[in-house]
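Asks: attaching a predicted model along with its sequence, questions to come.
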Amino acid sequence: MSIKFKLEKFEGPLDLLLHLIEKAEVDIYDIPISEIAQQYLEYLDYMQEMDLEVASEFLVMAATLVEIKSKMLLPKLKKEDNSNQEIDPREELVQKLIEYKKYKEFTLLLKDKFAVYEKVFYKTPEPIEDYISDFTSITGVSADLLAKTLNTILQKNSTSSKRKVREIHREVYTVDDKIKEITRLLVSKSVFYFEELFNEQANKYEIIVTFLAILELVKRKHLTVEQNMSFDRILVKRKKQIS
Amino acid sequence: MDIKEIKSVIEGLLYVAGDAVSLKELSHVLSIDESTVRKIVNQMIDIYNEEKRGIQIIEVNSSYQFCTRPEHYEYIERLVKPQTRQGLSQAALETLSIVAYKQPITKAQIDSIRGVKSESSISRLQEKELIFEAGRLDSPGRPMIYCTTDNFLKLFGLKNLQELPLLQEAKEVEES
Amino acid sequence: MDIKEIKSVIEGLLYVAGDAVSLKELSHVLSIDESTVRKIVNQMIDIYNEEKRGIQIIEVNSSYQFCTRPEHYEYIERLVKPQTRQGLSQAALETLSIVAYKQPITKAQIDSIRGVKSESSISRLQEKELIFEAGRLDSPGRPMIYCTTDNFLKLFGLKNLQELPLLQEAKEVEES
């Protein structure tokens, strides 16, 4: 009887033997050794035909099977302890197969568990040192402290700083200032409405300057504007990362 | 997906990310429109606060992130081995306050306001991801300009730059 | 601290750690005895499961860790970059199950059960931190012995080695 093998990878000679025994539906404790040995050798031939490398373990098993087969033909040996029990040449192999079969089944059980827990995600642990040092750096540090610090600096260096402060004074709107302001906003926000750029009390002059600033930024390809229809709200979008 | 399930998925997403996840990303992953997601996350923020859960959700520039509660600080510090405390030096704090209020700003402008060189403070703040190089100024020498990061907002508990406390001078101007 | 507060702190601690936190550490950080902490964490595990929260707590060898729910897999995968989750080959799985059930075990013993050389599987499993070299056997040649790691327990959803699934026949023997 010959078996059609599909190109299946066996993990070793025991794996292949188990497969053959299961396929033949025979008792593992009473293996029809000559039949199984025949199929085993056929599979090795097949592997060679397919140009697959036959691992040495497979060849050793082939020799073992042939040895067992020949022993089966000889008169039965008695066990050494004179218990009148006969030594079955297959016994050692059967024990190995049963042991191997057990772990193959364990493997299936583990595989099921793995399939579930493979779908679970873990957070990468926080880089704790950074976390803690950052954490400590905000204890005692607050936004108010920032304001206080800057006020102190400005007062301390009054001569040089006052000039600087006047430079960005908000009472007079210039296109340059507005561009700076919009650029600053663009860092944190990629999309906003035109009217978000000034408050309700804004005068006409500020609105016009803001509009000019937007046009300038469109020209510089920093942003795009969209409007669905005339007099509709103007949507401003950051075009690319400002860099 | 019912709303309970959506909340559960968001919780898992924020946990795995560890970092901030933008509303846009959440909306994309869940295939639910942004305004609905925003509503749900806001509900979650409230529930976490009401239940005084050990993690809270903070919003930074339309991104959401898990973080621990400040009142649990001492326990968390006890969990991680005591670290060498590296706060911000006075110099770094000064530089940071200038960048925060005057951004975008060049190194020369910072130096001029502080009256001293700020190079090392600037690189320290960049290392700590509190400020970043936001581009170059279109003026002679094309100097680098600096802005504060989202991380800065997060560490100082600000939703956005408009939430910075007003300066003395600015207040006076406004009042006048 | 009342029990609600303790649960809240534990939640914060587990979030920050990301990794597994041992019962011992939790007990130390909270200054509460281990058996009480264990009871509280077990309650938390149940609550998280009942409420179908987006994060769950798993126990591995008396350590606790947050992880997401398998049923949210598709959403989370959409958020995080596709992970290179290489599964385990049949050979590696076979070797792993032999180590799991027969540990501590030598390479020669594994080879004998499998009927083939297991060298490459063993080093693959070591790379993946599923097994480790637990020492040398005090016998001729002083062969290396292998055991499974906590990472193995975690990836296979086992609290400890006693939770390894039993075969039908083994179960029947136990029951009889």
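Replies: Looks like it came in fine.
Asks: tell me which parts of chain A are close to chain C?
Replies: A:9, A:11-15, A:55, A:57, A:61, A:96, A:99-100, A:102-107, A:109-111, A:113-114, A:116-126, A:128, A:131 (C-beta under 8 Å from any C-beta of the partner chain). All C-beta atoms are positioned from the backbone trio N, CA, C, and that covers glycine.
Asks: out of those residues, which end up buried?
Replies: A:11-15, A:57, A:61, A:96, A:99-100, A:102-107, A:110-111, A:113-114, A:117-123, A:126, A:128, A:131 (16 or more other C-beta atoms under 10 Å in any protein chain shown).
Asks: so for stretch A:21-29, what's the average pLDDT?
Replies: Stretch A:21-29 comes out with an average pLDDT of 89.
Asks: now do the buried residues in that stretch.
Replies: A:Ile21.
Asks: low-scoring stretches of chain A, by residue?
Replies: For chain A, the stretches with pLDDT under 70 are A:1-8, A:77-84, A:125-142, A:156-172, A:200, A:229-230, A:240-243.
Asks: helix, strand or coil for B:Met44?
Replies: helix (DSSP: H, G, I helix; E, B strand; the rest coil).
Asks: tell me the pLDDT of it.
Replies: Reported pLDDT for B:Met44: 96.
Asks: give the contact list for it.
Replies: B:Lys7, B:Ile10, B:Glu11, B:Ile57 (C-beta atoms under 8 Å, 6 or more residues apart in numbering or on different chains).
Asks: state the distance from it to chain A.
Replies: Distance, B:Met44 to chain A, using C-beta to the nearest C-beta, to the nearest Å: 18 Å.
Asks: got the phi and psi for B:Glu59?
Replies: Torsion angles at B:Glu59 (phi, psi; degrees, to the nearest 10) stand at phi -110, psi 130.
Asks: tell me where the chain has helices.
Replies: All of this refers to chain A. Remark: helices assigned in chain A by DSSP state H are A:13-24, A:33-49, A:56-73, A:91-117, A:128-138, A:143-156, A:158-167, A:175-188, A:204-219.
Asks: let me rephrase: I mean chain B.
Replies: B:3-17, B:23-30, B:34-50, B:73-79, B:90-102, B:107-114, B:119-127, B:150-155, B:168-175.
Asks: what's the burial count for residue 53?
Replies: The chain I'm using is chain A. Residues contacting A:Glu53 under the criterion other C-beta atoms under 10 Å in any protein chain shown number 8.
Asks: other chain: chain B
Replies: That count, for B:Arg53 with other C-beta under 10 Å as the rule, works out to 19.
Asks: for it, give me its contacts.
Replies: B:Ile47, C:Ser8, C:Glu11 are the contacts of B:Arg53 under C-beta under 8 Å, 6+ apart.
Asks: next: A:Val60.
Replies: Applying C-beta under 8 Å, 6+ apart, the residues near A:Val60 are A:Pro13.
Asks: and the pLDDT for the residue lying closest to B:Arg78 once chain neighbours are set aside?
Replies: Closest residue to B:Arg78 apart from its sequence neighbours, by C-beta to C-beta, 6 or more residues apart in numbering or on different chains: C:Val29 at 4.7 Å. Looking at C:Val29, its pLDDT stands at 91.
Asks: can you tell me how far the closest residue to B:Ile6 other than its chain neighbours sits from chain A?
Replies: Leaving aside its sequence neighbours, B:Ile6 sits nearest to B:Ile40 (C-beta to C-beta, 6+ apart; 5.9 Å). From B:Ile40 across to chain A, the span is 21 Å (C-beta to the nearest C-beta).
Asks: pretty sure B:Ile40 contacts B:Glu5?
Replies: No: with contacts counted by C-beta atoms under 8 Å, B:Ile40 stays clear of B:Glu5, the gap being 10.8 Å.
Asks: these two: who's more crowded?
Replies: Legend: neighbour count by other C-beta under 10 Å for B:Ile40 and B:Glu5, higher for B:Ile40 (17 against 13).
Asks: run a quick neighbour tally on the nearest residue to A:Glu206 once chain neighbours are set aside.
Replies: Counting by C-beta to C-beta, 6+ apart, A:Tyr173 is the residue found nearest to A:Glu206 once chain neighbours are left out, at 4.8 Å. Counted with other C-beta under 10 Å, the neighbours of A:Tyr173 add up to 20.
Asks: who's in contact with A:Tyr173?
Replies: A:Tyr205, A:Glu206, A:Val209, A:Thr210.
Asks: same check on A:Ser56?
Replies: Applying C-beta under 8 Å, 6+ apart, no residues qualify as near A:Ser56.
Asks: and it, how close does it get to B:Arg53?
Replies: Distance from A:Ser56 to B:Arg53, counting by C-beta to C-beta, to the nearest Å: 61 Å.
Asks: distance to C:Glu25 added to the helices of chain A, as a markdown table?
Replies: Formatted as a markdown table, the helices of chain A follow (distance: least, C-beta to C-beta, whole Å):
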| stretch | distance to C:Glu25 |
| --- | --- |
| helix A:13-24 | 44 |
| helix A:33-49 | 54 |
| helix A:56-73 | 47 |
| helix A:91-117 | 23 |
| helix A:128-138 | 13 |
| helix A:143-156 | 34 |
| helix A:158-167 | 51 |
| helix A:175-188 | 38 |
| helix A:204-219 | 53 |
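Asks: quick one: which of the ones you listed is nearest B:Ala134?
Replies: B:Ala134 lies closest, by C-beta to C-beta, to one member of the helices of chain A: helix A:175-188, at 5.8 Å.
Asks: who touches that closest one?
Replies: A:168, A:170, A:192, A:197, A:209-210, A:212-214, A:216-217, A:222-223, A:238, A:242, B:61, B:103-104, B:134-135, B:147, B:150, B:153, B:160-161.
Asks: right, and A:Leu44 touches A:Ala62 too?
Replies: Yes: using C-beta under 8 Å, A:Leu44 is in contact with A:Ala62, at 6.1 Å.
Asks: closest to chain C among the contacts of B:Met44?
Replies: B:Glu11 (2.8 Å; C-beta to the nearest C-beta).
Asks: got the contact list for the residue nearest the centre of chain A?
Replies: Taking C-alpha atoms, centre = their mean, the centroid of chain A lies closest to A:Phe121, which sits 8.9 Å from it. Neighbouring residues of A:Phe121 by C-beta under 8 Å, 6+ apart: B:Gly12, B:Val16, C:Cys67, C:Thr68, C:Tyr73, C:Ile76, C:Val80.
Asks: list, out of the residues you listed, those positioned next to chain A.
Replies: B:Gly12, B:Val16, C:Cys67, C:Thr68, C:Tyr73, C:Ile76, C:Val80.
Asks: low-confidence ranges in chain B?
Replies: Ranges of chain B meeting pLDDT under 70: B:81-87, B:168-176.
Asks: kindly recompute the last result at 50.
Replies: B:82-85, B:174-176 (pLDDT under 50).
Asks: quick check: residues of it near chain C?
Replies: B:4-5, B:7-18, B:21, B:25, B:28-30, B:52-55, B:66, B:68-69, B:72, B:75-76, B:78-80.
Asks: just the buried ones among the residues you listed, please.
Replies: Judged by 16+ other C-beta under 10 Å, buried ones among the residues of chain B next to chain C: B:7-18, B:21, B:25, B:29-30, B:53-55, B:66, B:68-69, B:72, B:75-76, B:79-80.
Asks: if we can go back for a sec, could you dump the contacts of A:Tyr173 to JSON lines with distance to A:Ser34?
Replies: Converted to JSON lines, the contacts of A:Tyr173 look like this (distance: C-beta to C-beta, whole Å):
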{"residue": "A:Tyr205", "distance to A:Ser34": "105"}
{"residue": "A:Glu206", "distance to A:Ser34": "101"}
{"residue": "A:Val209", "distance to A:Ser34": "100"}
{"residue": "A:Thr210", "distance to A:Ser34": "96"}
